[in-house]
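Undergrad: A predicted structure for the sequence below; I have some questions about it.
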Amino acid sequence: MNIAVIGTGYVGLVTGTCFAETGNHVTCVDIDENKVNRLQNGEIPIYEPGLDTLFDRNTRQGRLTFTTNLAEGIKGAEIIFLALPTPPGEDGSADLSYVLGVAGDLSKIITEYTVIVDKSTVPVGTAEKVHALLAENLSESLFDVVSNPEFLREGVAVEDFMKPDRVVIGTESARAREVMGRLYEPFVRQGNPIYYMDERSAEMTKYAANSYLATRISFMNEIANLCERVGANVDMVRLGMGSDTRIGKRFLFPGVGYGGSCFPKDVQALAKTATEYGYDFNILNAVMGVNTKQKQILSQKIIAHFGGSLNGKTIAIWGLAFKPNTDDIREAPALTIIEELLEAGADIKAFDPEAMDNVKAVFGSRIQFVEEQYEALIGADALAVITEWPVFRSPSYKVLKELLSQPVIFDGRNIYDPKTMAAEGFYYDSIGRNT
Ligand code: UGA
């Protein structure tokens, strides 16, 4: 099939590349000339494991191409994906100007029947708005609008795309359902379902899924905080709870709060939608409040440990990205933690395997960056682990003790065993586990 993907951000690039991988011809369109040039030269602007192999293969074989010219990019496309940014506006609602702007442009250049797909996370009712805009200049027989939310996790996006738990296709048009079903057929060969539904339900599914996952995390963070107070161990509680198949084991890890470009934005946007419809979505307000507090937990523990001030103290930080296997620092807890530690007077030495350039752009020379994880520890008074990159999981305790000026570790992701740490002679504090 011939496909166009408008927007070469994270979602657009993964979507375009993975569709090319199943033999489709994909043209990715972006207004950013510099980005398109880089992509044409084989340079991928994001860090996503596994994407480079697919990208190289499909660009080499001519199935994946890039352009800044919208009319040229959509020529002959049976399906056009809109993978455009929907940043939160000042009031928390998603800004639809990019999506609606492109829909308006498309209405003037489409000449044959085309399926237009909302891939970005957009508020309930957006498919109808896109439809109305297209219909201003285009006969209704020439297009259908589909809501097809993505459920990709950064760091494992290629795997999530190639083997989705489910595909959600929101449209009541039988013709569009057939086209979309044909496109996704290679991805659901193992029997995973495609759910066909109306546009509004598809749009709502995306927000409901992300908000539910964020709720799980905030709930577990509160359980962890209570575990510390009552003398329980959240690791055990998590296992005990999670083995109930109604609850499930995944996504129950307490930590330093959720970050990233999705959960914070989507929870806020769903709460806003609820308000617009006159409904007070109480749980979501609590989820956001809990997360804001949780992002401060680790810095508060550190500041308290050193008696309320970090003047003259150096804190080593391992992990800056909002989670492992990405260079993404949007809404990353590390940013909040570093800001608080700096305010308390600390000097910071930070290391992350992929995200340091992005953090440099935020903090500049206010913190020191090191090229190797152990270098951060030299002369530091404590180590704070903020992102659970695999490379931090089995450190040499001997080297840690030699390099740190005090054997003090604050673990925001519970990656070390408290008993081992005590036996090794560390002062060790983590989340929801009494040490
Ligand atoms: C999330 C969803 O998981 C995807 O399904 C969705 O498609 C995506 O948002 C999106 O809307 O685009 P992502 O933001 O890449 O994916 O990251 P997650 O792996 O979901 O992690 C989000 C945050 O929750 C991270 O800060 C992570 O550290 C935190 N988290 C996750 C926990 O604190 N505990 C957990 O048990 C799991």
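TA: Perfect, I can see it now. Just so it is clear, the model here is predicted, and its values are computed rather than measured. Residues are numbered from 1 along each chain as shown.

Undergrad: Could you use CA atoms for every contact and neighbour count after this?
TA: Noted.

Undergrad: Hmm, residue 235 and residue 433 touching each other?
TA: Yes. Between residue 433 and residue 235 there is a contact under CA atoms under 8 Å: 7.3 Å.

Undergrad: between those two, which one's more packed in?
TA: Using other CA atoms under 10 Å as the criterion, residue 433 and residue 235 rank with residue 433 on top: 21 against 17.

Undergrad: What is the burial count for the closest residue to that one other than its chain neighbours?
TA: Using CA to CA, 6 or more residues apart in numbering and skipping residues adjacent in sequence, the residue nearest residue 433 is residue 233, 4.6 Å away. Using other CA under 10 Å, residue 233 has 18 other residues around it.

Undergrad: what does residue 285 give?
TA: 13.

Undergrad: And stretch 168-180, how far out from the chain middle?
TA: Mean-position distance between stretch 168-180 and its chain equals 27 Å (CA atoms, centre = their mean, to the nearest Å).

Undergrad: er, stretch 47-60 actually
TA: 19 Å.

Undergrad: who's in contact with that stretch?
TA: The set of residues external to stretch 47-60 that reach it, using CA atoms under 8 Å, 6 or more residues apart in numbering, is 14, 17-18, 20-21, 42, 44, 64-65, 154-158, 325-327, 354.

Undergrad: Mind giving me the ChimeraX command for buried ones among the residues you listed?
TA: In ChimeraX, this line selects whichever of the contacts of stretch 47-60 come out buried by 16 or more other CA atoms under 10 Å:
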select :14,17,18,20,21,44,64,65,154,155,157,158,325,326,327,354
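
Undergrad: Which of the contacts of stretch 47-60 fall in helices?
TA: Those of the contacts of stretch 47-60 mapping onto helices are 14, 17-18, 20-21, 157-158, per DSSP state H.

Undergrad: List just the nearest of these to the ligand.
TA: Sorting the ones in helices among the contacts of stretch 47-60 by distance to the ligand puts residue 157 at the head of the list, at 7.8 Å, by CA to the nearest ligand atom.

Undergrad: quick one: contacts for that closest one?
TA: Residue 157 touches 14, 48, counting by CA under 8 Å, 6+ apart.

Undergrad: same check, this time on residue 13
TA: Applying CA under 8 Å, 6+ apart to residue 13 gives the contacts 7, 28.

Undergrad: what's the answer for residue 217, then?
TA: 251-254, 257-258 are the contacts of residue 217 under CA under 8 Å, 6+ apart.

Undergrad: So what does it look like in phi/psi?
TA: The phi and psi values for residue 217, taken as degrees, to the nearest 10, are phi -70, psi -50.

Undergrad: for the one 3 residues further on, same thing?
TA: Reported as degrees, to the nearest 10, the phi and psi values for residue 220 are phi -70, psi -30.

Undergrad: Not counting sequence-adjacent ones, nearest residue to it?
TA: residue 254 (5.4 Å).

Undergrad: Show me what from the chain comes close to the ligand.
TA: Proximity of the chain to the ligand is confined to 150-154, 210, 217, 251-255, 257-263, 322-323 under the rule CA under 6 Å from any ligand atom.

Undergrad: same thing but at 5 Å, please
TA: 151-154, 251-253, 258-260, 262, 322-323 (CA under 5 Å from any ligand atom).

Undergrad: Quick one, which of those residues are buried?
TA: 151-152, 154, 252-253, 258-260, 262, 322-323.

Undergrad: Tell me the one among those nearest to residue 93.
TA: Ranked by distance to residue 93 (CA to CA), these are led by residue 262 at 13.2 Å.

Undergrad: Hmm, which of the residues of the chain next to the ligand is lowest in pLDDT?
TA: Taking these together, the minimum pLDDT is found at residue 154 (89).

Undergrad: Would you check that it makes contact with residue 329?
TA: No. Using CA under 8 Å, residue 154 makes no contact with residue 329, being 11.6 Å away.

Undergrad: Tell me where the stretch 201-350 of the chain has helices.
TA: Using DSSP state H, counting those that start in this stretch, the helices found in the stretch 201-350 of the chain span residues 234-242, 263-276, 282-294, 297-305, 333-343.

Undergrad: Nearest to residue 195, out of these?
TA: helix 263-276 (21.6 Å).

Undergrad: Show me what the closest one is packed against.
TA: helix 199-230, helix 282-294 (3 or more CA pairs under 8 Å, 6 or more residues apart in numbering; DSSP states H and E).

Undergrad: so the longest one versus helix 297-305, what angle?
TA: To tie it back to what came earlier, the one meant is helix 199-230. For helix 199-230 against helix 297-305, the angle by axes from the mean of the first three to the mean of the last three CA atoms, to 10 degrees is 20 degrees.

Undergrad: buried stuff in helix 199-230?
TA: Buried residues in helix 199-230, counted by 16+ other CA under 10 Å: 199-208, 210-228.

Undergrad: now that helix, how far from the centre of its chain.
TA: Per CA atoms, centre = their mean, the centroid offset for helix 199-230 relative to its chain is 15 Å.

Undergrad: For that helix, give the mean pLDDT please.
TA: Rounded to a whole number, the mean pLDDT of helix 199-230 is 98.

Undergrad: Could you pull up the contacting residues of residue 326?
TA: Applying CA under 8 Å, 6+ apart, the residues contacting residue 326 are 47-48, 154-155, 354-355.

Undergrad: Can you add distance to residue 244 and give the residues you listed back as CSV?
TA: Compiled in CSV, the contacts of residue 326 are given as follows (distance: CA to CA, whole Å):
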residue, distance to residue 244
47, 36
48, 33
154, 27
155, 28
354, 36
355, 36
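
Undergrad: Closest to the ligand out of those residues?
TA: For the contacts of residue 326, with the ligand as the reference and CA to the nearest ligand atom as the criterion, the closest is residue 154, at 3.6 Å.

Undergrad: ok, and the closest non-adjacent residue to that closest one?
TA: Residue nearest to residue 154 in three dimensions, not counting chain neighbours: residue 326, with 6.6 Å by CA to CA, 6+ apart.

Undergrad: confidence score at the one you found?
TA: In this model, residue 326 is scored at 91, pLDDT.

Undergrad: quick one, phi/psi of it?
TA: The phi and psi values for residue 326, taken as degrees, to the nearest 10, are phi -150, psi 160.

Undergrad: List the buried residues in the helix or strand hosting residue 422.
TA: For residue 422, the host element (DSSP states H and E) is helix 418-423. Across helix 418-423, burial judged by 16+ other CA under 10 Å covers 418, 421.

Undergrad: I am finished for the moment; much appreciated.
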